[in-house]
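Student: Build me a model:
(one chain, ligands or ions: 1)
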Amino acid sequence: MSQDKEKKMAADAALEFIRSGDVVGVGTGSTANLFIDGLARIKGRIDGAVSSSDASAARLQSHGIEVLELNNVGSLRIYVDGADETTRHRHLIKGGGGALTREKIVAEVSETFVCIADSSKLVERLGTFPLPVEVIPMARSMVARELAQMGGEPVWRSGFLTDNRNVILDVHGLDILDPVDMESRINQIPGVVTVGLFARRGADLLLLGGDRGVEEL
Ligand code: 5RP
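Tutor: Below is the predicted model of the structure:
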């Protein structure tokens, strides 16, 4: 089955978890876009959405779904988003689309984080996908040196700025044996805004599209 079909199956399966009156936390990327398109079909049942990126906010609004400020909402019952890699423990690498910081904020305030993905995203160990790190621009070289000392090969995502006007370093070659420890070590480097490891607060439920339908983990 194609990756696109698997993503669509996972995105549609996530709609089953939406309840009447929810303000839905919404992620970013091609799988999240499919979820947004599905959400449009049931928009009369929800009270709006909190978006993790300007791109997703624009897509939600194009469907007539109200986008609310997180500061005015407080907490969320549910957050639905994709991932670049996931383990069976639901530790994730995210940020391929550069929205990792806002994604982590929305995940943090959500009671349940439902991750939707195609089967290619499931890995034994995180780190084949280069790990995105959002960095304050003036700290780019310094943070890159620190990441190199940790055994990674950081590559500046040149020409790209996040919605927060920061830069991204994509770190290749990291051996992520202990995702929780690595998340906290990278987050402690001055100048790092967020690392795209979602381990301390991973997903609560993984909906994985595959040949035999949607697997729930
Ligand atoms: C964006 C993300 C996305 O969830 C991740 O990149 C997966 O994208 P896609 O659904 O297009 O495969 O973290 O920052």
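
Student: Residue numbers of this structure in contact with the ligand?
Tutor: Contact residues, the chain versus the ligand (C-beta under 6 Å from any ligand atom): 27-31, 81-84, 94-100, 103. Any C-beta I mention is one placed from the backbone N, CA and C, and that applies to glycine too.

Student: Now list the buried members of these.
Tutor: By neighbour count, with 16 or more other C-beta atoms under 10 Å, these hold 27-29, 31, 81-84, 94-100, 103 as buried.

Student: As a check, name the ranges of all helices in this protein.
Tutor: For the chain, the helices defined by DSSP state H cover 3-15, 30-41, 54-62, 70-73, 100-108, 140-149, 179-187.

Student: Take the ones you listed and write them to TSV, including distance to residue 195 and mean pLDDT.
Tutor: Converted to TSV, the helices of the chain look like this (distance: least, C-beta to C-beta, whole Å; pLDDT from 0 to 100):
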stretch	distance to residue 195	mean pLDDT
helix 3-15	24	97
helix 30-41	20	98
helix 54-62	21	98
helix 70-73	21	96
helix 100-108	8	98
helix 140-149	9	98
helix 179-187	4	98
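
Student: which one of these is the most hemmed in?
Tutor: helix 100-108 (a mean of 23; mean count of other C-beta atoms under 10 Å).

Student: mind pulling up the phi and psi values for the nearest residue to residue 177 once chain neighbours are set aside?
Tutor: Nearest non-adjacent residue to residue 177, counting by C-beta to C-beta, 6 or more residues apart in numbering: residue 125, 7.3 Å away. Here is the backbone geometry of residue 125 (degrees, to the nearest 10): phi -140, psi 140.

Student: what residues are up against residue 125?
Tutor: Residue 125 makes contacts with 87, 175, 176, 177, as judged by C-beta atoms under 8 Å, 6 or more residues apart in numbering.

Student: got the angle between the longest strand along the chain and helix 100-108?
Tutor: Counting by DSSP state E, the longest strand found in the chain is strand 110-118. Interaxial angle of strand 110-118 relative to helix 100-108 (axes from the mean of the first three to the mean of the last three C-alpha atoms, to 10 degrees): 120 degrees.

Student: and strand 110-118, what does it pack onto?
Tutor: helix 3-15, helix 30-41, strand 76-81, strand 205-210 (3 or more C-beta pairs under 8 Å, 6 or more residues apart in numbering; DSSP states H and E).

Student: Make a markdown table from the ones you listed and add distance to residue 164 to it.
Tutor: Formatted as a markdown table, those follow (distance: least, C-beta to C-beta, whole Å):
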| stretch | distance to residue 164 |
| --- | --- |
| helix 3-15 | 26 |
| helix 30-41 | 18 |
| strand 76-81 | 17 |
| strand 205-210 | 27 |
